[in-house]
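> fold the following.
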Amino acid sequence: MTTVKRHILNLIIFRLVIVTTLLAAAVIVQLSTAVFLPLGTFYVVILSAYAASLVFVLFYSRSRLYAAQAYAQVLFDILFITVLVYITGGLGGHLYVLYAFPILAAGTVLPGRSAYLAASLSAILLGFMADSMFYGLIPYYRADQVRETSAGLTFYTIFLAWALFFAIAFLSQHYGRGMRRAQAALDRAERELAVRERLAEAGKMSAMIAHEIRNPLAAISGAVQFLRTDLSLTGEQGQLMDIIVRESKRVSQTIEQYLSLASPGVQDFQRFSLAAAVRETLTLLRAGGELPDRIVVEGIFETSPLDLYGSQSQFKQIIWNLTRNAIQAMPDGGRLRIDLDAGPGGVRVLRLADTGRGMSSEELARIFEPFFSAFEGGRGLGLTVVRRIIDDFEGRIEARSETGRGTEFILTFPERSAPGRPKET
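Modelled structure (predicted):
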């Protein structure tokens, strides 16, 4: 849709260029000949094109129905050219070559087989008009436009024009697909660069904040725990002490996420079992009460024989954050599916899918941005940390989601060789 939006103004500008060129040509012809040419209707048609372009500009500035605007412009251009062809003598005026422009526009701007639809409509209109004028069903616009010609020549010109239309449709469709793929790749690269820049900035800020808070917080928490065990406290006082310790622990966990975002630190790289890492992480979540019984965990990960060389603690952090994210998306319960599989070239593929509330396309585009959260009260760091760790693994992460239909994360880890061990093939 963004690509269509970018090209709507280009369509308007290109139409204005063509119309202005035709107007200038008509004026030059009118001024350079002593014979009066009845061009009043021609000027009215040209002015209508200017007026339509103004209307399209207003719609562009006030409406977000960009695809509909593009279709409307292509349709208007085909009808506009048909009128021009008729008042200039049909096939004898040779302006039917202008049909190439809306066909080209449909192929490069609109998705699917729009170019073939534009070519078909142009062919139908031109063929019907030319045949009707030849057999007298439609009168010529002016009597002096009537030319003696054979049926064979008329049909030959029509079929030649049709061949031109569909050849342009084929080329523009092929070019348009390539252009849209290139534009989509460019958009993804721009989003990727923007996310990486935000990660870098967030990392710097996180390091400063975390180091300023971590040590005083640890001192406060330690002092409170010492007092809790050394003093005889009433029930309410004990509860307040427990709240301080618990909230200090929660803030400490947040600081750990900030530090993970800023720098993963020195990691213990080793070859480890992916299934075992997943099982241990889920066990810790259940033991801590964060993975309730209403969440059913399933999938083909328990018996997976796959292993990976890297940081096991970082991999567990990925599972921890993604699982907690899925739990938040299923407050009333649901299913969490975790699959481990081998992909082409020896890569390890982890799929983690929930049946939660899902995300809109706008939320999906921003999930890896620092401090953006789709959940109320969320800090927006969990998925950012996951993304940072995935980059450390030289892997990839892809998210698929739809509102009301859950979310799936697909992670790909390349197989890296441990020192002294050849890489698997």
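> following the helix or strand of the chain with the lowest mean pLDDT, which helix or strand shows up next?
Scoring the helices and strands of the chain by mean pLDDT, DSSP states H and E places helix 235-262 at the bottom, with a mean of 66. Per DSSP states H and E, helix 235-262 leads on to strand 269-273 as the next helix or strand towards the C-terminus.
> for that following strand, name the packing helices and strands.
Here strand 269-273 touches strand 307-311, helix 312-329, going by 3 or more Cβ pairs under 8 Å, 6 or more residues apart in numbering; DSSP states H and E. All C-beta atoms are positioned from the backbone trio N, CA, C, and that covers glycine.
> tabulate the ones you listed (CSV), appending distance to residue 415 and mean pLDDT.
CSV is the format used below for the helices and strands packed on strand 269-273 (distance: least, Cβ to Cβ, whole Å; pLDDT from 0 to 100):
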stretch, distance to residue 415, mean pLDDT
strand 307-311, 7, 87
helix 312-329, 14, 88
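> who wins for proximity to residue 65 among those?
helix 312-329 (31.4 Å; Cβ to Cβ).
> and that closest one, which residues are buried?
Of the residues in helix 312-329, 312, 314-323, 325-329 count as buried by neighbour count, 16 or more other Cβ atoms under 10 Å.
> return the member of these nearest to residue 151.
Closest to residue 151, out of all of these and judged by Cβ to Cβ, is residue 329, at 69.4 Å.
> against residue 363, how distant is the closest one?
11 Å (Cβ to Cβ, to the nearest Å).
> with residue 383 instead?
Distance of residue 383 to residue 363, computed by Cβ to Cβ: 11 Å.
> helix, strand or coil for the residue lying closest to residue 298 once chain neighbours are set aside?
Nearest non-adjacent residue to residue 298, counting by Cβ to Cβ, 6 or more residues apart in numbering: residue 337, 5.4 Å away. Secondary structure assignment for residue 337 (DSSP: H, G, I helix; E, B strand; the rest coil): strand.
> neighbours around residue 337, how many?
18 (other Cβ atoms under 10 Å).
> just grab the bridge partners of it for me.
Taking DSSP bridges as the rule, residue 337 bridges to residue 298, residue 353.
> show the pLDDT at it.
pLDDT, residue 337: 94.
> surely it is in contact with residue 330?
No - using Cβ atoms under 8 Å, residue 337 is not in contact with residue 330, being 12.0 Å away.
> shared neighbours, the two?
In the contact map built from Cβ atoms under 8 Å, 6 or more residues apart in numbering, the residues linked to both residue 337 and residue 330 are residue 354.
> and residue 341, helix, strand or coil?
Residue 341 - assigned by three-state DSSP - is strand.
> which residues does it contact?
300, 304, 306, 348-349, 351 are the contacts of residue 341 under Cβ under 8 Å, 6+ apart.
> ditto for residue 299
336-339, 351.
> quick one: low-confidence ranges for the stretch 251-400 of the chain?
Counting by pLDDT under 70, the stretch 251-400 of the chain shows low-confidence ranges at 251-268, 371, 374-380.
> circling back: filter the contacts of residue 299 down to the buried ones and hand me the ChimeraX line.
Those of the contacts of residue 299 that count as buried under 16+ other Cβ under 10 Å are selected in ChimeraX with:
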select :336,337,338,351
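> correct me if wrong: residue 145 contacts residue 91.
No - using Cβ under 8 Å, residue 145 is not in contact with residue 91; the gap is 10.4 Å.
> looking at these two, which has the bigger crowd around it?
residue 91 (21 against 16).
> next, the buried residues of stretch 13-33.
So for stretch 13-33, counting by 16+ other Cβ under 10 Å, buried means 14-15, 18-19, 22-23.
> then stretch 339-346?
residue 340.
> now swap in stretch 272-292 and tell me
272-275, 277-278, 281-282, 285, 291.
> just how off-centre is it within its chain?
33 Å (Cα atoms, centre = their mean, to the nearest Å).
> what's it in contact with?
Residues contacting stretch 272-292 (Cβ under 8 Å, 6+ apart): 297, 301-308, 310, 312, 315-316, 319-320, 323-324, 327, 333, 338, 340, 348, 350.
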